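Trainee: Take this sequence and fold it.
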Amino acid sequence: MTTPPTTPAPGAAAAAATAPVPATAPVVPAPPGAPVTPGTRFRRIGGGLSLVASGALVCASLVMIPYENQTDAEYLQTGVDHTTNILWAAVVLHYGYLLLLPAALTLVHLARRGARKLSLVAMVLAGLGAGLSGLVAVDFYDVALANELPADEALRIFEVAGGYGQGALIAAPSILGLAVGTNLAMVAAWWARAIPVYPVVLSVVGWVVFFFYSGDAWLPSISTALVAAAGLWAGVIVLRMRDDVWDRI
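Mentor: Below you'll find the model as predicted:
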């Protein structure tokens, strides 16, 4: 005998039609041992190490230079008094700035579902910030000026080069991208509940002090130590994460 079709109760069809449909399904980590995307461990460990190393290298480069640069003349004199330190510090700083991009992209990955729009803006700005790694090469020319020309002539050429307005079109987006993009990536990861708020605070305070008090002898080193601590904190979280969680976060 054929069972008659069940007729839905009055209003049930309308209720089903108007019920909200979630935009995305919640991400549930797979059980341990479940297959993950090839290369997941490499990306996770690389991202975690970039978080740890980027801030540490930036901080180390500033510790290498016992300088005073409140004025252009003091800055150039530093190139005479600490030539070797500055040349090696420029190399360390170059790689520190370079690693800030994969570090930010690692945070963007953590935030890609919980703070999608915010992480997208952070990714674009962090990409602009990578331009600072190239600007570090200017340090070699500044050292050459300070050592090969009389002090007054070196200062004159340095000020002429710094007076070209087009240079700001390169430097300003890079500085803004690094300062805002890196911190925004931290905020996005916190907003997505991937990291606690403490590394966010350390990163924001560290970068703000670094850019506003860059002429001080020790504040840049202290402030970037805070940045390094923030990167270490977030990096350890990524390095301790399971591959399947990273793959599906």
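
Trainee: Only C-alpha atoms from now on, for both contacts and neighbour counts.
Mentor: Noted.

Trainee: Pick out the residue closest to the middle of this protein.
Mentor: For the chain, the residue sitting closest to the mean C-alpha position, by C-alpha atoms, centre = their mean, is Thr182 at 3.3 Å.

Trainee: isn't that one right up against Ala122?
Mentor: Yes - the criterion here is C-alpha atoms under 8 Å, and Thr182 meets it with Ala122 at 6.9 Å.

Trainee: Does the residue nearest to the centre of the chain belong to a helix, a strand or coil?
Mentor: helix (DSSP: H, G, I helix; E, B strand; the rest coil).

Trainee: Relative to the whole chain's centre, how far out is the longest helix along the chain?
Mentor: Longest helix of the chain, by residue count under DSSP state H: helix 83-111. Chain-centre distance of helix 83-111: 9 Å, with C-alpha atoms, centre = their mean, to the nearest Å.

Trainee: picking that back up, the residue nearest to the centre of the chain and Trp207, how far apart?
Mentor: 9 Å (C-alpha to C-alpha, to the nearest Å).

Trainee: next one: Ala225
Mentor: 10 Å.

Trainee: swap in Leu219?
Mentor: 11 Å.

Trainee: Settle it for me: which of those two has more neighbours?
Mentor: Neighbours per residue, other C-alpha atoms under 10 Å: of Leu219 and Trp207, the larger number sits with Trp207, 22 against 17.

Trainee: Now for that one: which residues touch it?
Mentor: Ala179, Ser223, Thr224, Val227 (C-alpha atoms under 8 Å, 6 or more residues apart in numbering).

Trainee: do the same with Ala179
Mentor: Taking C-alpha under 8 Å, 6+ apart as the contact definition, Ala179 lies against Gly129, Trp207, Val208.

Trainee: What strand or helix carries the second one?
Mentor: Using DSSP states H and E, the element containing Trp207 is helix 197-212.

Trainee: So which other helices or strands are in contact with the longest helix of the chain?
Mentor: Applying 3 or more C-alpha pairs under 8 Å, 6 or more residues apart in numbering; DSSP states H and E, we find helix 83-111 packed against helix 40-63, helix 116-129, helix 132-135, helix 138-148, helix 182-191.

Trainee: now, of those, which is deepest in the fold?
Mentor: Most buried of these, by mean neighbour count (mean count of other C-alpha atoms under 10 Å): helix 182-191, with a mean of 27.

Trainee: What mean pLDDT does that one get?
Mentor: Within the predicted structure, the mean pLDDT of helix 182-191 is 94.

Trainee: which residues make contact with it from outside it?
Mentor: Under C-alpha under 8 Å, 6+ apart, the answer for helix 182-191 is 100, 104-105, 107-108, 110-111, 114-115, 118-119, 121-123, 125-126, 195-197, 199-200, 203-204.

Trainee: do you know how far the residue lying closest to Gln77 once chain neighbours are set aside is from Leu100?
Mentor: Excluding the flanking residues, the one nearest Gln77 by C-alpha to C-alpha, 6 or more residues apart in numbering is Ala146, at 6.7 Å. From Ala146 across to Leu100, the span is 30 Å (C-alpha to C-alpha).

Trainee: Contacts for stretch 91-101, please.
Mentor: Residues from elsewhere that reach stretch 91-101 (C-alpha under 8 Å, 6+ apart): 50-51, 53-58, 60-61, 126-127, 129-130, 132-134, 136, 182.
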